[in-house]
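> could you look at this predicted model? Sequence included:
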Amino acid sequence: MIPTPRVAPLPPQAEQDTIEPAGVALTPARNRIGQSRLALAIKALLRPIFKFLYYTIHWMQCNKLSTLLASLLLLASIFATTYFASGQLPFSSNSDNLQQSVQHNPAISSDVQAWLLALRAGDLNTMLAVQKSMDTSVRPPDSSLYVLQFSEKFAPVKWTNIAVTSMNKAPDGLIDTFIETDISTASNPNAANKSVVLWHFSTTPSGHIFLLDYVSGRTV
């Protein structure tokens, strides 16, 4: 009897441990600042402007003569508009010119100059200081009312000219001077009224104010 060969049992297959990867939470991608709705809206708004500027500069570089002529015409129109609208050239200060014309006028004494320029500037303290030399027997001027009515600081007015209309020497030695101030009012932006205010100053030979009066005011 032939013995049956024994078959060695196969070793048990090793169980492989299945390691599941740990779950990782994905962070949602953030939009860049330039991709936000606000940024896109700003880009859409500014893109035509920058394109216009780019093509304008490119055209100016290719047409230098036309650009020069256009610039000259623009400057000429600005000068003409400013001159006919205000009576002065651009970049010129009418206030400084007016002050210099008053200060360099030998017919106006230093005290009268100080009083008029203080009235124009709304400087009541300077006006009262100049008025200390006035005759105490006469009624003093209502300077506070004048400041509210005629100064550039508190009233919608602009002084354009100060001129001496007449000057006479009285028998008592006082000098009577009549001064005209041209004032333009701009309370209505569509129309500007011009007023002429006449002042009378009686000054001593030394130039101090002895008496001053508001004579009249009229619209021209």
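Perfect, I can see it now. Since the structure is predicted, the reported quantities are computational estimates derived from the model, not experimental observations. Residues are numbered from 1 along each chain as shown.

> alpha carbons only for contacts and neighbour counts from here, please
Fine.

> Val164 belongs to a helix?
No. Judged by DSSP: H, G, I helix; E, B strand; the rest coil, Val164 forms no part of a helix; its state is strand.

> ok, it to Phe178 distance?
6 Å (Cα to Cα, to the nearest Å).

> which one's more surrounded, those two?
Just comparing Val164 and Phe178: by other Cα atoms under 10 Å the higher neighbour count belongs to Phe178, 21 against 16.

> what are the bridge partners for the more buried one, then?
Beta bridges link Phe178 to Ser166, His200, judged by DSSP bridges.

> next: Asn161.
Beta bridges link Asn161 to Asp182, judged by DSSP bridges.

> from now on call the first residue 22
Taking 22 as the first residue, the last one we looked at is Asn182.

> show the contacting residues for it.
Leu119, Thr202, Asp203, Ile204 (Cα atoms under 8 Å, 6 or more residues apart in numbering).

> pretty sure Ala191 sits against Asp197.
Yes. Look at Ala191 against Asp197 with Cα atoms under 8 Å: they come within range, at 7.0 Å.

> between these two, which is the more surrounded one?
Between Ala191 and Asp197, counted using other Cα under 10 Å, the more crowded position is Asp197 (19 against 10).

> and that one, how close does it get to Arg141?
To Arg141, Asp197 is 21 Å away according to Cα to Cα.

> quick one: name whatever helix or strand follows whatever helix or strand Val151 lives in.
Following DSSP states H and E, one finds Val151 within helix 145-151. Downstream of helix 145-151, the next assigned helix or strand under DSSP H and E is helix 164-171.

> list the contacts of that following helix.
Helix 164-171 has contacts (Cα under 8 Å, 6+ apart) with Leu140, Arg141, Gly143, Asp144, Leu145, Met148, Leu149, Phe175, Ala176, Val178.
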